[in-house]
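Asks: heads up, no residue letters with this:
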């Protein structure tokens, strides 16, 4: 899997036109595209999921702490069941 950062153009008919060099071999691929209007400052390209979340989560979000809390809560539930 690869994450590809790009900028494209939406035509007046609403179609998004892309030409992206992927570096992948020929064949079918699966993909997910999240699009939105460009801002005055372009977001930096990213190759990680963390980079993909820039601007989506609050700047002070602590994903690791949130995951640790969720794991702790689930572990307590499992301990109670056993």
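Replies: Cool, the structure landed. All of these numbers come straight from a predicted model, not from anything done at the bench. Numbers count the residues shown, from 1 in each chain.
Asks: distance between the lengthiest helix in the chain and the chain's centre?
Replies: If you go by DSSP state H, the chain has its longest helix at helix 63-81. Helix 63-81 has its average C-alpha position 24 Å from the chain's average C-alpha position, going by C-alpha atoms, centre = their mean, to the nearest Å.
Asks: Kindly provide the whole-number mean pLDDT of it.
Replies: Per-residue pLDDT values over helix 63-81 give a mean of 88.
Asks: got it, and stretch 23-32?
Replies: So the average pLDDT for stretch 23-32 ends up being 82.
Asks: For residue 4, the count of nearby residues, please.
Replies: 15 (other C-beta atoms under 10 Å). In this view, the C-beta of every residue, glycine as well, is placed from N, C-alpha and C.
Asks: Relative to residue 74, how far out is it?
Replies: Distance, residue 4 to residue 74, by C-beta to C-beta, to the nearest Å: 34 Å.
Asks: do residue 17 as well
Replies: In terms of C-beta to C-beta, residue 17 sits 44 Å off from residue 74.
Asks: Residue 26 too?
Replies: 43 Å.
Asks: quick one, which of these two is more surrounded?
Replies: residue 74 (10 against 5).
Asks: Would you state the helices of this structure in chain order?
Replies: Using DSSP H, helices in the chain cover 49-52, 63-81.
Asks: which one of these is the most hemmed in?
Replies: Ranked by mean neighbour count, these are led by helix 49-52 with a mean of 12 (mean count of other C-beta atoms under 10 Å).
Asks: average model confidence for it?
Replies: Rounded mean pLDDT across helix 49-52 is 58.
Asks: Just list the residues touching residue 72, thanks.
Replies: Contacts for residue 72 were tallied using C-beta atoms under 8 Å, 6 or more residues apart in numbering; there are none.
Asks: quick one: it from residue 78, how far?
Replies: Distance from residue 72 to residue 78, by C-beta to C-beta: 11 Å.
Asks: do residue 30 as well
Replies: Applying C-beta to C-beta to residue 30 and residue 78 gives a distance of 33 Å.
Asks: what's the answer for residue 63, then?
Replies: In this view, residue 63 and residue 78 are 22 Å apart by C-beta to C-beta.
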